[in-house]
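Asks: Predicted structure and sequence below. I'll ask about it afterward.
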Amino acid sequence: MYKQQQEHRQSLEDPEGFWLKQARELIDWDQFPSVAAGPAAPGAEHKMKWFPDGKVNLCYNAVDRHIAARGEQVALIYDSPVTDTLRRYTYSDLLREVRGVASMLRRHGVGLGDTVLIYMAMVPQTLFAMLACARIGAINTVVFGGFAPAELAKRIQDCRPKVVLSNSCGLESRTKIVPYKPLLDKAYDIAAYRPASTIVLQRDQLRVPLDRARAEYYWDAELAAAAATADSVACVPVASDHPAYLVYTSGTTGMPKGVVRPTGPHIVALLYGQRYMYGVKPGETMFAFSDFGWVLGQSYTAYGPLLNGSRTVLFEGKPVGTPDAGQLYRALSEHDVRVFFCAPTVVVTLRRADPEAHFRAKYDLTHVRGLFLAGERLTPEIHRWWIATITGRAPDPGAATVACPARIAGLVSDNWWQSESGSPMAGICLGLGDSGADVAPVKYGSAGMPIAGSDLRVIRVRDELDDDDLVDEDPQLANCDEVGAIVVKLPLPPGFPTLLWNNEERFFNEYFRRYPGYYDTGDTGMIDSEGYVHILSRTDDVIKVAAHRLSTSSIEEVVFAHRDVVECCVVARPCALKGSVPLVLAVLRTDTAPAAHEQIKHDIVQLARERVGPIVSLYPENVVFVDRLPKTRSGKILRKMMRSMVKIVHGNAESGSDTDPNVCPIAVPATIEDPAVMADIWHTIASICRK
């Protein structure tokens with residue numbers, strides 16, 4: 001067994017001893033917990049609390065405790081190619097800045113248990129504000145900068161912040177400015193709520209007037225007014241289960257879920273993942289390419305590296321276009337990054353913009369030890385391209401696994417976690433050994449092996465329980481290699497929430513009602529005979545073709561194998577004969593000749609029949625080429641939106657209604673990067689599916 005498997009087994013057999021040991025070794029407590037887990041009430045096992053009598057402060061562990069040994073070490077690297085800014089902050093600098101913002105918040109009445117909404121760009125002051133809230137026991141929630149007013153209003157209504165912190169603007173590129181203040185004002189009107197104070201950081205690219213009569217204040221002026229008391233703002237110890245922050249899931253419809261992150265268990269889980277899975281050592285640099293508004297940015301750009309005494313990179317820009325496809329490679333090289341983390345879509349974007357990796361060739365990346373991907377399924381085709389691009393060595397196309405080199409370097413690995421977990425549930429642990437021999441091989445198509453504390457299981461899906469409202473009173477475990485619903489057996493590991501903000505009933509119904517005794521991840525997949533976890537798709541991305549369940553990701557993997565395809569998405573198209581069949585929406589290489597399109601369609605169909613089987617029922621007329629796919633600002637393909645489009649067109653056809661290809665009846669998702677792509681896709685789907 002690899003050390004990762006040994007640790008996983010130990011964490012399940014002796015959770016009390018295992019997690020108390022981690023709590024003692026990883027963080028500094030104001031009051032060390034006497035037990036790892038408090039007893040859960042019968043029927044409320046999903047609400048079990050970790051380290052229940054402990055007291056701790058996140059900001060102290062992320063900043064103050066490092067001052068004696070690492071005060072002059074760089075903690076934060078702000079790299080903004082959109083403003084041509086590069087600035088480094090030591091831990092001492094960070095402490096000074098965080099104290100200043102904490103004093104400013106105190107001056108505006110923020111204290112223990114108050115909520116603060118942060119609607120800001122990827123600038124250092126955003127991180128200062130997050131840590132300042134933790135310092136004084138306030139609960140922050142970071143909303144992705146530039147979010148549409150309606151979605152911002154939902155979050156304001158739900159958490160009712162005492163103070164809102166914002167920027168005058170965000171920057172999409174060197175020339176595209178997004179004014180934040182008008183979006184925020186409109187959100188206040190929609191929410192019919194205003195906080196006690198709104199504090200706005202002016203940026204040089206756009207300065208906006210503020211209205212003191214409406215409790216609007218200039219950040220720099222308020223910071224200066226609070227400077228005299230900044231040094232006296234001490235860290236406030238909070239109970240282990242005190243909410244560190246809220247992270248709202250970015251659903252396309254309805255009220256977003258406010259996941260409550262408990263302070264003590266979250267710190268322990270973050271540091272365990274930081275050191276033992278990602279293998280980041282104190283003093284080293286980790287670069288997690290994500291906005292603070294998303295869970296990755298919060299866990300492993302903001303908190304994880306700082307808790308570990310490492311350096312973190314705050315990058316304001318995009319993988320391409322700011323100004324070219326080489327900026328991420330430059331940052332990896334220039335900042336001596338040892339571990340890099342991004343979504344697979346980032347790699348897809350780089351591959352499309354620079355397929356021969358000419359920009360990569362300009363930089364020395366031999367120091368990069370690990371490259372992790374999460375957020376969407378990592379297809380083997382993209383996985384192999386990323387390995388070849390980073391290491392310069394083309395992997396064996398026939399190999400199912402990649403062994404870690406003797407000297408751990410350039411290992412590219414998928415891992416799997418969710419907004420709810422806050423840290424990984426499956427992956428390949430780089431930090432549990434001194435050499436590559438200690439590290440389990442990476443397996444293509446797999447998210448790795450379970451991480452300590454995550455008792456992952458697969459529940460057999462029964463056709464008679466297809467309705468989402470039905471409860472499986474007797475969940476049956478699937479066999480090895482059998483596809484089913486991925487669940488976590490209770491109790492949940494440290495870091496998971498014990499409630500949703502203001503909605504305890506929804507918390508139970510969303511995650512625990514369907515499979516009693518388990519947390520329903522909402523993902524479909526399998527665990528193979530070697531213990532590797534394969535996350536295939538979201539549960540609602542499974543296509544039922546002639547009574548056979550097929551994962552859309554397994555079909556997408558085949559489509560990706562065609563050399564002319566750079567991006568693709570598969571959704572279900574209703575079929576009178578087979579229930580549903582796959583509809584492929586694919587983006588081709590820019591140099592693909594239009595005359596070759598029909599042949600490519602036939603090639604893709606043939607590949608699907610060979611690799612998935614004839615049951616796949618993919619036909620050339622259901623392979624559609626588009627210029628772009630609709631995505632969120634974090635790079636995820638909006639599959640649910642496209643599924644809804646297909647259902648609407650099909651429903652119209654069944655009822656005899658006509659579908660107007662020029663007017664999409666679906667509301668624009670709050671997370672969409674470019675609404676124009678949505679209109680193009682609607683026109684395509686409406687034209688194809690009504691035939």
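Replies: Nice, thanks for sending it over. Treat the numbers as computed from the prediction; the structure is a model and nothing was measured.
Asks: Return the set of buried residues in stretch 421-435.
Replies: Neighbour-count burial for stretch 421-435, with 16 or more other CB atoms under 10 Å as criterion, is recorded at 421-433. Every residue, glycine included, has its C-beta placed from N, CA and C.
Asks: got it, and stretch 101-119?
Replies: Buried residues in stretch 101-119 (16+ other CB under 10 Å): 101-106, 108, 110, 114-119.
Asks: Below-threshold pLDDT in this protein: ranges please.
Replies: Applying pLDDT under 70 to the chain picks out residues 146, 250-254, 463-469, 546-548, 634, 690-691.
Asks: re the thing from before, among the buried residues of stretch 101-119, which are located in strands?
Replies: Among those, the subset assigned to strands under DSSP state E consists of 115, 116, 117, 118, 119.
Asks: now these in JSON lines, with distance to residue 321?
Replies: Below are those laid out as JSON lines (distance: CB to CB, whole Å):
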{"residue": "115", "distance to residue 321": "35"}
{"residue": "116", "distance to residue 321": "32"}
{"residue": "117", "distance to residue 321": "29"}
{"residue": "118", "distance to residue 321": "26"}
{"residue": "119", "distance to residue 321": "24"}
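Asks: Quick check: residue 171 touching residue 204?
Replies: No. The criterion here is CB atoms under 8 Å, and residue 171 misses it with residue 204 at 10.5 Å.
Asks: ok, these two, which is more surrounded?
Replies: residue 171 (24 against 8; other CB atoms under 10 Å).
Asks: From residue 476, how far out is that one?
Replies: To residue 476, residue 171 is 52 Å away according to CB to CB, to the nearest Å.
Asks: swap in residue 181?
Replies: Distance from residue 181 to residue 476, by CB to CB: 55 Å.
Asks: Compare neighbour counts for these two and give me the winner.
Replies: residue 181 (20 against 11).
Asks: which residues touch that one?
Replies: Neighbouring residues of residue 181 by CB atoms under 8 Å, 6 or more residues apart in numbering: 166, 168, 169, 200, 208.
Asks: so residue 531 touches residue 5, yeah?
Replies: Yes. Applying CB under 8 Å, one finds residue 531 in contact with residue 5, separated by 6.8 Å.
Asks: can I get the buried residues of stretch 101-119 in a markdown table with distance to residue 556?
Replies: Below are the buried residues of stretch 101-119 laid out as a markdown table (distance: CB to CB, whole Å):
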| residue | distance to residue 556 |
| --- | --- |
| 101 | 44 |
| 102 | 47 |
| 103 | 51 |
| 104 | 48 |
| 105 | 46 |
| 106 | 51 |
| 108 | 49 |
| 110 | 46 |
| 114 | 45 |
| 115 | 40 |
| 116 | 40 |
| 117 | 37 |
| 118 | 35 |
| 119 | 34 |
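Asks: With respect to residue 393, which of the residues you listed is nearest?
Replies: Nearest to residue 393 among the buried residues of stretch 101-119 is residue 118, at 42.4 Å by CB to CB.
Asks: picking that back up, closest to residue 407 among the ones in strands among the buried residues of stretch 101-119?
Replies: Nearest to residue 407 out of these is residue 118 (CB to CB; 40.8 Å).
Asks: so what's the closest one bridging to?
Replies: For residue 118, the beta-bridge partners are residue 142, residue 165 (DSSP bridges).
Asks: wouldn't it be in contact with residue 132 here?
Replies: No. Applying CB under 8 Å as the test, residue 118 and residue 132 come out as separate, 10.0 Å apart.
Asks: one step back: what touches both of residue 171 and residue 204?
Replies: residue 83.
Asks: Go through the buried residues of stretch 101-119 and name the one nearest residue 649.
Replies: Once CB to CB is applied, the member of the buried residues of stretch 101-119 that ends up nearest residue 649 is residue 119, at 36.2 Å.
Asks: Let me see the contact set for that closest one.
Replies: The neighbours of residue 119, taking CB under 8 Å, 6+ apart as the test, are 143, 145, 147, 152, 164, 165, 166, 167, 180, 184.
Asks: Now the two most distant members of those residues.
Replies: The widest separation within the contacts of residue 119 (CB to CB) is 14.3 Å, between 147 and 165.
Asks: Among these two, which residue is more densely surrounded?
Replies: Using other CB under 10 Å as the criterion, residue 147 and residue 165 rank with residue 165 on top: 30 against 23.
Asks: Quick check: the more buried one vs residue 120, distance?
Replies: Distance from residue 165 to residue 120, by CB to CB: 6 Å.
Asks: shared neighbours, those two?
Replies: 129, 201.
Asks: nearest to residue 214, of the buried residues of stretch 101-119?
Replies: Of the buried residues of stretch 101-119, the one sitting nearest to residue 214 (CB to CB) turns out to be residue 108, at 14.1 Å.
Asks: leaving aside the residues next to it on the chain, what's closest to the closest one?
Replies: residue 197 (4.4 Å; CB to CB, 6 or more residues apart in numbering).
Asks: Assess the claim that that neighbour and residue 165 are in contact.
Replies: No. Assessed by CB under 8 Å, residue 197 is found out of contact with residue 165, at 9.1 Å.
Asks: is the residue nearest to residue 108 in a bridge, and if so with what?
Replies: Residues in beta-bridge contact with residue 197 (DSSP bridges): residue 163.
Asks: what sits against it?
Replies: Here residue 197 is in contact with 108, 109, 162, 163, 164, 215, 216, 217 (CB under 8 Å, 6+ apart).
Asks: Turn the residues you listed into CSV, including distance to residue 43.
Replies: Output for the contacts of residue 197, formatted as CSV (distance: CB to CB, whole Å):
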residue, distance to residue 43
108, 42
109, 40
162, 35
163, 38
164, 39
215, 45
216, 48
217, 48
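Asks: Would you mind checking the residues you listed for buried ones?
Replies: 108, 162, 163, 164, 215, 216, 217.
Asks: following the helix or strand containing the last one, which helix or strand comes up?
Replies: In this case it means residue 217. Assigned by DSSP states H and E, residue 217 belongs to strand 216-218. Using DSSP H and E, the next helix or strand after strand 216-218 towards the C-terminus is helix 219-225.
Asks: follow-up on the earlier one: tell me which two of the buried ones among the contacts of residue 197 sit farthest apart.
Replies: Once CB to CB is applied, the buried ones among the contacts of residue 197 give 162 and 216 as the farthest pair, at 14.6 Å.
Asks: which stretches of the stretch 351-500 of the chain form strands?
Replies: Along the stretch 351-500 of the chain, the segments classed as strands by DSSP state E, counting those that start in this stretch run 370-373, 401-402, 411-414, 426-427, 442-443, 449-450, 456-459, 484-489.
Asks: Same list, the ones you listed, but as JSON lines with distance to residue 126 please.
Replies: Below are the strands of the stretch 351-500 of the chain laid out as JSON lines (distance: least, CB to CB, whole Å):
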{"stretch": "strand 370-373", "distance to residue 126": "23"}
{"stretch": "strand 401-402", "distance to residue 126": "36"}
{"stretch": "strand 411-414", "distance to residue 126": "28"}
{"stretch": "strand 426-427", "distance to residue 126": "27"}
{"stretch": "strand 442-443", "distance to residue 126": "33"}
{"stretch": "strand 449-450", "distance to residue 126": "33"}
{"stretch": "strand 456-459", "distance to residue 126": "34"}
{"stretch": "strand 484-489", "distance to residue 126": "31"}
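Asks: Among those, single out whichever gets nearest to residue 327.
Replies: Of the strands of the stretch 351-500 of the chain, the one closest to residue 327 (CB to CB) turns out to be strand 370-373, at 16.1 Å.
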